[in-house]
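Q: Fold the following and give me the result.
(one chain, ligands or ions: 1)
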Amino acid sequence: MSNAGVHSNLDKEFAAVSELWSPRVVAIANGQHVKVAKVKGEFVWHAHADEDEFFLVRKGTLTIHYRDRPKVVLREGDFHVVPRGAEHMTAASEECWVVLVEPAATQHTGETKSDMAKSIEAQMAHLQAQGGSDPTR
Ligand code: NI
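A: Below is the predicted model of the structure:
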């Protein structure tokens, strides 16, 4: 699936997100998903064995904690790539808006089973509702 030709606006996509820790796929390119998510509080510790994970903060402050290296604090405009295999946990004391880029198959809780896990299908449900590859939305 692709949504090549899509033309949207980042803040418009964030406005469509009402649930915390519920990534929304906003674009697909070359097998990578671009997602937006609103987060607050702490996520679950997890790792992605085979995938690096790109984070860009649009609004607020995001802390990425690691087990085996110093934490990274991202403020508005900052970005960071979580290396594959590194166990990490994201946290924000106030609501934070994050852009993520990761391979389409990446589960956002990695190999960790959690009630916070949203399926890829749920993250893409709005695209399918709009006809999937329709570039005119
Ligand atoms: Ni992750």
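
Q: Please make it C-alpha for all contacts and neighbour counts, starting now.
A: Will do.

Q: Just to be sure, A125 is in a helix?
A: Yes - the assignment for A125 is a helix, going by DSSP: H, G, I helix; E, B strand; the rest coil.

Q: How much space separates the residue most central in space within the chain from D68?
A: Centroid-nearest residue in the chain: L100, 3.9 Å away (criterion: CA atoms, centre = their mean). The gap separating L100 from D68 is 22 Å, by CA to CA, to the nearest Å.

Q: With G110 instead?
A: With CA to CA as the criterion, G110 and D68 are 17 Å apart.

Q: So between the two, which is more surrounded?
A: More crowded of G110 and D68, by other CA atoms under 10 Å: G110, with 20 against 9.

Q: Give me the residue ranges of this structure where confidence is low.
A: Within the chain, the stretches with pLDDT under 70 are 1, 130-137.

Q: Please enumerate the helices of it.
A: 10-15, 120-129 (DSSP state H).

Q: Reformat the ones you listed into JSON lines and put mean neighbour count and distance to F54 next to each item.
A: What follows is those, written out as JSON lines (neighbours: other CA atoms under 10 Å; distance: least, CA to CA, whole Å):
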{"stretch": "helix 10-15", "mean neighbour count": "13", "distance to F54": "16"}
{"stretch": "helix 120-129", "mean neighbour count": "15", "distance to F54": "17"}
